[in-house]
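[1] fold the following for me, if possible:
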Amino acid sequence: MKLFFAPGACSLAAHIVIEEAGLPHTLERVDLATHKTEHGDDYTKINPKGYVPALALDGGGLLTEVGVVLQYLSDQAPDRRLMAAPGTLERYRQMEWLSFISTELHKQFSPLFRPDTSAQTKEAQLKLLGRRFDYVSETLARHPYLGGQEFTAPDAYLFTVFGWLGYLQIDAKPWPRLGEHAARVAARPAVQKTLKGEGLLK
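    Below is the predicted model:
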């Protein structure tokens, strides 16, 4: 498999999970500003959506959308328990988290990354994100990871999105439990390897 990624983007979650799963893979970096791959290819011809991640499968074909990619990768290594077995209630709970992170956290960051967004809009988005992070914090008060005592794929996604606060120089102190969660995830060997591989950690 080949994972198309951009350092620090939501593809970081897929990169973490593919490392956690121990799956053979190659990586190809994408410049999201120019839509060129590191080999000079037009990324929009590979993935017409233009964003990452995209996963080129061994047998041909392409998977996109981070929540789907995370589930596919996790299912290739069921012994790693990155997602519960399909059809179980635990799996649906994990899918619930993936959906929440995608729609209520990930996409709510979009205006904050755009230079033409007004200060008023940014302030409104930060208030909305704050309420969402408050909800996640309540969950993390009960156990160290989103699903309980074990790290799973949704934790990789939350770690990625929460990390954008630092990139945007937004104070994360109001959510110490999320900071503690991020530290737990960051300490994992596969995550350390991923962060170094993307140039996000020396």
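
[2] wait, Ala182 sits on Phe159?
    Yes: taking contacts as CB atoms under 8 Å, Ala182 lies within contact range of Phe159: 5.5 Å. In this view, the C-beta of every residue, glycine as well, is placed from N, C-alpha and C.

[3] strands of the chain, start to end?
    Using DSSP state E, the strands of the chain run over residues 2-5, 26-31, 36-37, 54-56, 62-64.

[4] okay, buried residues for the first one please.
    Counting neighbours by 16 or more other CB atoms under 10 Å, one finds that the buried residues in strand 2-5 are Leu3, Phe4, Phe5.

[5] so which elements touch that strand?
    Packing contacts for strand 2-5, counted by 3 or more CB pairs under 8 Å, 6 or more residues apart in numbering; DSSP states H and E, involve helix 11-20, strand 26-31, strand 54-56.

[6] out of these, deepest packed?
    helix 11-20 (a mean of 28; mean count of other CB atoms under 10 Å).

[7] tilt between it and strand 26-31?
    Angle, helix 11-20 to strand 26-31, by axes from the mean of the first three to the mean of the last three CA atoms, to 10 degrees: 170 degrees.

[8] ok, now which ones touch the residue lying closest to Glu90 once chain neighbours are set aside?
    Sequence neighbours aside, Ala84 is the residue nearest to Glu90 in space, at 3.7 Å (criterion: CB to CB, 6 or more residues apart in numbering). With contact set as CB atoms under 8 Å, 6 or more residues apart in numbering, Ala84 has these partners: Glu90, Arg91, Arg93, Gln94, Thr152.

[9] now those in JSON lines, with distance to Ala77, pLDDT and neighbour count?
    Formatted as JSON lines, those follow (distance: CB to CB, whole Å; pLDDT from 0 to 100; neighbours: other CB atoms under 10 Å):
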{"residue": "Glu90", "distance to Ala77": "17", "pLDDT": "98", "neighbour count": "15"}
{"residue": "Arg91", "distance to Ala77": "15", "pLDDT": "98", "neighbour count": "16"}
{"residue": "Arg93", "distance to Ala77": "20", "pLDDT": "98", "neighbour count": "16"}
{"residue": "Gln94", "distance to Ala77": "15", "pLDDT": "98", "neighbour count": "24"}
{"residue": "Thr152", "distance to Ala77": "12", "pLDDT": "98", "neighbour count": "25"}
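
[10] out of these, name the ones that lie in helices.
    The members of these that map onto helices under DSSP state H are Glu90, Arg91, Arg93, Gln94.

[11] let me see the contact set for Leu158.
    Trp97, Ile101, Leu105, Val136, Leu146, Leu178, His181.

[12] select only the buried ones of the residues you listed in PyMOL?
    Selecting only the buried entries of those in PyMOL, with 16+ other CB under 10 Å as the criterion:
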select buried, resi 97+101+105+136+146+178+181
